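In: Everything below, folded, please.
(4 chains)
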Protein chains: 4
Amino acid sequence: MSEREAARAVGGPDPDGRARATSGPDAGGTAAADWWATAVSRIEPDVIELRGQPVQDLIGRIGFAEMIWLMLRGERPDPRRAALLEAALVSSVDHGPHAPSIAVARMAATCGVGLNNAVATGVNLLGDVHGGAGEQCVRLLEEVVAGSRGPGGDTGGDPGSGGDAGGDPGGDAAAVVARWRARDRYLPGFGHRFHSRDPRRDPLLGLVAEAAEDGVVAGAYLRAALEIERLIAPVPMNIDGATAVVYAELGFPAPLARGLFVLSRSVGILAHAWEESGQGRRNKGPIPPSILPTWI
Amino acid sequence: MSEREAARAVGGPDPDGRARATSGPDAGGTAAADWWATAVSRIEPDVIELRGQPVQDLIGRIGFAEMIWLMLRGERPDPRRAALLEAALVSSVDHGPHAPSIAVARMAATCGVGLNNAVATGVNLLGDVHGGAGEQCVRLLEEVVAGSRGPGGDTGGDPGSGGDAGGDPGGDAAAVVARWRARDRYLPGFGHRFHSRDPRRDPLLGLVAEAAEDGVVAGAYLRAALEIERLIAPVPMNIDGATAVVYAELGFPAPLARGLFVLSRSVGILAHAWEESGQGRRNKGPIPPSILPTWI
Amino acid sequence: MSEREAARAVGGPDPDGRARATSGPDAGGTAAADWWATAVSRIEPDVIELRGQPVQDLIGRIGFAEMIWLMLRGERPDPRRAALLEAALVSSVDHGPHAPSIAVARMAATCGVGLNNAVATGVNLLGDVHGGAGEQCVRLLEEVVAGSRGPGGDTGGDPGSGGDAGGDPGGDAAAVVARWRARDRYLPGFGHRFHSRDPRRDPLLGLVAEAAEDGVVAGAYLRAALEIERLIAPVPMNIDGATAVVYAELGFPAPLARGLFVLSRSVGILAHAWEESGQGRRNKGPIPPSILPTWI
Amino acid sequence: MSEREAARAVGGPDPDGRARATSGPDAGGTAAADWWATAVSRIEPDVIELRGQPVQDLIGRIGFAEMIWLMLRGERPDPRRAALLEAALVSSVDHGPHAPSIAVARMAATCGVGLNNAVATGVNLLGDVHGGAGEQCVRLLEEVVAGSRGPGGDTGGDPGSGGDAGGDPGGDAAAVVARWRARDRYLPGFGHRFHSRDPRRDPLLGLVAEAAEDGVVAGAYLRAALEIERLIAPVPMNIDGATAVVYAELGFPAPLARGLFVLSRSVGILAHAWEESGQGRRNKGPIPPSILPTWI
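Out: Residues are numbered from 1 along each chain as shown, chains lettered A, B, ... in the order given. Next up is the predicted model:
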């Protein structure tokens, strides 16, 4: 046991640690250390522990998607859940230069900044409208699922019996959808300005359905999403909706739906910025120099 | 065949497409379309192709690390190479709040911006000094490897015979190192201000050595890095050096060493920003408010 | 008259321009031009007009603060109003390294990115919590002022007679404050975690009071803010509140209170990033390397 | 005298302060305070000093351009020099949506992020190619001016006698230009892809010439720039060149030419982002959705 660990064994860092921080020798140092307290990683000389696991035990033994899960949630997923996460991460890497996140990263790559700055520029645009629909859709699904359970209800664990509660979100779903639509004409996760039917919807929902059948996930969020789709037919679920189903079934809180989308889309952003940096343009604008913006 | 595809069938988009752009009907529209030409993805109504592969054929059938490879290089890796990439991506996700990229993302998360903005803030800092060492180390290794071959030499393919050319980078390595050190006291990829021996070095190099033995990679960059380490002993390789070996062996051009580091570190940045957002601070500064910055 | 101008003389760009965009020769080019239509500036070969004024007529004849006003609002302010804007811009340039915006820019400056990237990193943090209080405070004041007028009331123009309507926001102010406090414990623009009385409050409010006395501004927002301050005494207005009063009196819509704060704070962000870049640190973390973050 | 000030009176913060930081009571607190030491501002409870001047003495008494000078250089400029700075800041606020910095900020404004994030996105693109030409041009001019002086020469102070040394940069200028052109085909500060003659050149250079005649600035950088222009005729100076002349004459170090450009261009970026946010688009891409990027 290190001295540091011994100190912790006697008095936990919080609240005692913070008490230590306001008096006694090196109070300021302790206060500064506590200011940056974290459970994500422990970095000391020659020690790197990520969520309590020495990094050397992870390298070569854990997949990248599993690592994402571990870092965000502090525990490793079983292989079936990891595969679902992996499928969702794969599905939303790119939507071409029409997506503002992609276009701005390409433009950045022609302005004499680093590849990291180009990626950051793209990621910065994944806001409430561009990257937030998944997060909002998880909340929407959570409302429907919460409403379909009785008081004290539970979605989880046993999809067989859970089916009784979660199997008919219909009445509540209609009310929830009406409430959301009264606030905003866009229902997050449904409809696409470009695709009549998003080609990513079916394979993602197929994987979730399979996992629900096998008891890997409960399936309540899938049922909720399908019910909404039925209610607002013929507008189908889009990628934000389909990934929201995956992330909700896997137990990720809503804001991480955006976080995971950020990790996924970063791949496409990087690929486009890299391609653009090889095309030799300087200070690329959004349209060719020969076309002058209309003056209004 | 769509009208668009038909048009292409008659005259390819490049160079004929660009000729079309300067005259004829809808020259401006074609010019604008060509301005955003890309080989990364093809997005048309109800069509999403990533590097020529329909997205629905990828979801559930390809891992996230393989997807990264496909998007950056236009082809899928074999499983052994994909596993090496995955190990490198796993290894550098986080180095705690002392890393500026992590700290600024945590601070951003307390300022009322989106999780995407917090991640972008962190990624934006992975510049030449913070995230660029891997890129520079690939260039360093490339110089050593190029020097160890004779004219017309080749590092690749057969690590057994390649050993003749790549096995003794010694003389050249010393000259290359001297040249780099004359320019900058920091040799990228070697030494760490925190760790006497970076715990990520051994497992990563072990995996590369194994892959070289099995002929999965040629091993020339590994030998070059080890030779440099010998020359500047006792300063060991750090994470930037070890991942540079992996990326160089896998054939990634130097700038993508930074790009891949960005994807990897984004995971830790997100995990920290997310943790911080749950701790309730507002406008978190770098040190507790009780400690006043020295006025000089 | 250029061909382009001639074309406009025959048919205005909007709505006719948009009609043109969907058919006829070069429909795509027109659509792309309209996509970027703007009234802010007109840039054509050898022509730069900002809000309709040739740039050569502005250089040397307009102050920087006036230029900011012109660009944001399309008209030039009179000198007294310009001076008020200038005072507000001066007041909020910096709040030292405890401010996350300042700290992250300093850290960025040690990571091998450009000075522009360092400034962008700081500006990126001026979100709802860090830079948004001014915007929210303008909305708060707008509610109080709107409530203090009768139906069809007006705040503006004649502060003498306006005093009848705007002079006693008391009853309404209390209701508005109660409503805001029920939503959030922080009342934007009031109180400071650091200063018992923000030294920037008095000089700014003094300038507004003087301008109101002289009929330069109406004074309704000033009265509303002072009334709120009285209601929640002894918590005084902070810099966000005092600048909100200025910006509201000058007629800036609420979101531009944040926008103007961004322009102001960018000065301090740049000054700090520049100072840090001369101090020679690399990859500066938030606390000295000797202090290890607490592991929780 | 506060306890803190008393402590400083006994032992200066540096190097003694750093010694204190490694031992004695509250060593960690002192180390953390010194880690954020700054001469830009001093913020203590109820105290805000900017470059040593209480903020309440600045508000209403100093212009915004003067404030920028004070913050960057620690002293206030005389009115003539301040006016030159102001003219340069006014000149480069905007170059329309063709400028990547402007376009990306407009796109960001449609993605559901804050106005601060939109501005940061634009500023982030002012890199070596987009915003760095001014900085590089200052260096170019410095080389020419340095070469035109004899050993121990000096550009400054007395433009009459300085004229002997700085008046004929011809021979050296040719050599410097040749050296720069050998490295890069773009000579920073000269030529424009859009304007045959940048309309901002003449008024800016006119102001500098006038100031040189009046002895406000020495004029050596102006002469150097004009000599270069003569050498590479008919390619005229552009806005980066003209502002580089101003900044160099005013004694700003080269990197601050980019820094000042950032402050100036932020105004246009904000104006465009604000206009775009009022136009109602969501997730604006670079070209209208009807135009599909060419697939290569």
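
In: which parts of chain A sit against chain C?
Out: A:4, A:13-14, A:17, A:29, A:32-39, A:42-44, A:112-114, A:116-117, A:124, A:286-287, A:291-296 (CB under 8 Å from any CB of the partner chain). No exception for glycine: its C-beta is placed from N, CA and C like everyone else's.

In: What count of nearby residues applies to A:Arg282?
Out: Neighbours of A:Arg282 under the rule other CB atoms under 10 Å in any protein chain shown: 12.

In: from memory it sits against A:Thr110, does it?
Out: Yes. A:Arg282 is within contact range of A:Thr110, at 5.7 Å (criterion: CB atoms under 8 Å).

In: Now list whatever residues contact both of these two.
Out: Counting by CB atoms under 8 Å, 6 or more residues apart in numbering or on different chains, the contacts common to A:Arg282 and A:Thr110 are D:Val129.

In: For chain D, tell me which of the residues of chain A next to chain C show up nearby.
Out: Within the residues of chain A next to chain C, those near chain D by CB under 8 Å from any CB are A:Gly29, A:Ala32, A:Ala33, A:Gly112, A:Val113, A:Asn117, A:Asn124, A:Pro286, A:Ile287, A:Pro293.

In: orientation of the strand or helix carrying the first one relative to helix D:27-35 in degrees?
Out: Using DSSP states H and E, A:Gly29 maps to helix A:27-35. Orientation note: helix A:27-35 sits at an angle of 70 degrees relative to helix D:27-35 (axes from the mean of the first three to the mean of the last three CA atoms, to 10 degrees).

In: Now do helix A:27-35: distance to the chain's middle.
Out: Between the centre of helix A:27-35 and the centre of its chain there are 32 Å (CA atoms, centre = their mean, to the nearest Å).

In: what packs against it?
Out: The contact analysis (3 or more CB pairs under 8 Å, 6 or more residues apart in numbering or on different chains; DSSP states H and E) places helix A:27-35 against helix A:18-21, helix D:27-35.

In: By mean pLDDT, show me the worst of those.
Out: Mean pLDDT values for those show the minimum at helix A:18-21, a mean of 34.

In: rewinding a little: let me have the ones next to chain D among the residues of chain A next to chain C in a markdown table, extended by neighbour count.
Out: Below are these laid out as a markdown table (neighbours: other CB atoms under 10 Å in any protein chain shown):
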| residue | neighbour count |
| --- | --- |
| A:Gly29 | 24 |
| A:Ala32 | 29 |
| A:Ala33 | 25 |
| A:Gly112 | 20 |
| A:Val113 | 29 |
| A:Asn117 | 31 |
| A:Asn124 | 35 |
| A:Pro286 | 30 |
| A:Ile287 | 26 |
| A:Pro293 | 25 |
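
In: between these, which is nearest chain D?
Out: Of all these, A:Gly29 has the smallest distance to chain D: 1.6 Å, by CB to the nearest CB.

In: quick one: that closest one and D:Asp26, what's the gap?
Out: Distance, A:Gly29 to D:Asp26, by CB to CB, to the nearest Å: 7 Å.

In: now swap in A:Ile269 and tell me
Out: 45 Å.

In: Between helix B:64-73 and the host helix or strand of A:Leu72, find me the angle.
Out: Secondary structure from DSSP H and E places A:Leu72 in helix A:64-73. Helix A:64-73 and helix B:64-73 are oriented at 110 degrees to each other (the same axes, to 10 degrees).

In: what packs against helix A:64-73?
Out: Using 3+ CB pairs under 8 Å, 6+ apart, helix A:64-73 is in contact with helix A:79-91, helix A:254-277, helix B:64-73, helix B:79-91, helix B:254-277.

In: can those go into JSON lines with extra columns for distance to A:Leu187?
Out: JSON lines is the format used below for those (distance: least, CB to CB, whole Å):
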{"stretch": "helix A:79-91", "distance to A:Leu187": "20"}
{"stretch": "helix A:254-277", "distance to A:Leu187": "15"}
{"stretch": "helix B:64-73", "distance to A:Leu187": "29"}
{"stretch": "helix B:79-91", "distance to A:Leu187": "35"}
{"stretch": "helix B:254-277", "distance to A:Leu187": "26"}
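
In: and of the ones you listed, who's closest to D:Phe261?
Out: helix A:254-277 (22.7 Å; CB to CB).

In: so, in contact with chain D or not, that closest one?
Out: No. Using CB under 8 Å from any CB, helix A:254-277 stays clear of chain D, coming no nearer than 9.7 Å.

In: Mind checking which of the residues of chain A next to chain C land in strands?
Out: A:Arg42, A:Ile43, A:Glu44 (DSSP state E).

In: can you tell me which of these lies nearest to chain D?
Out: A:Glu44 (15.7 Å).

In: can you state the direction angle for the helix holding A:Leu72 and helix B:254-277?
Out: 30 degrees.

In: now A:Arg76, nearest residue through space, not along the chain?
Out: Leaving aside its chain neighbours, A:Arg76 sits nearest to A:Leu70 (5.3 Å; criterion: CB to CB, 6 or more residues apart in numbering or on different chains).

In: Now do the contacts for that neighbour.
Out: A:Leu50, A:Arg51, A:Gln53, A:Leu58, A:Ile62, A:Arg76, A:Pro77.

In: now, among those, which is nearest to chain D?
Out: Of the contacts of A:Leu70, the one sitting nearest to chain D (CB to the nearest CB) turns out to be A:Leu50, at 25.6 Å.

In: Next up, the contacts around the residue nearest to A:Ala65 when sequence neighbours are not counted.
Out: The shortest distance from A:Ala65 to any non-neighbouring residue, by CB to CB, 6+ apart, is to A:Glu86 (4.0 Å). Going by CB under 8 Å, 6+ apart, A:Glu86 touches A:Gly63, A:Ala65, B:Gly63, B:Phe64.
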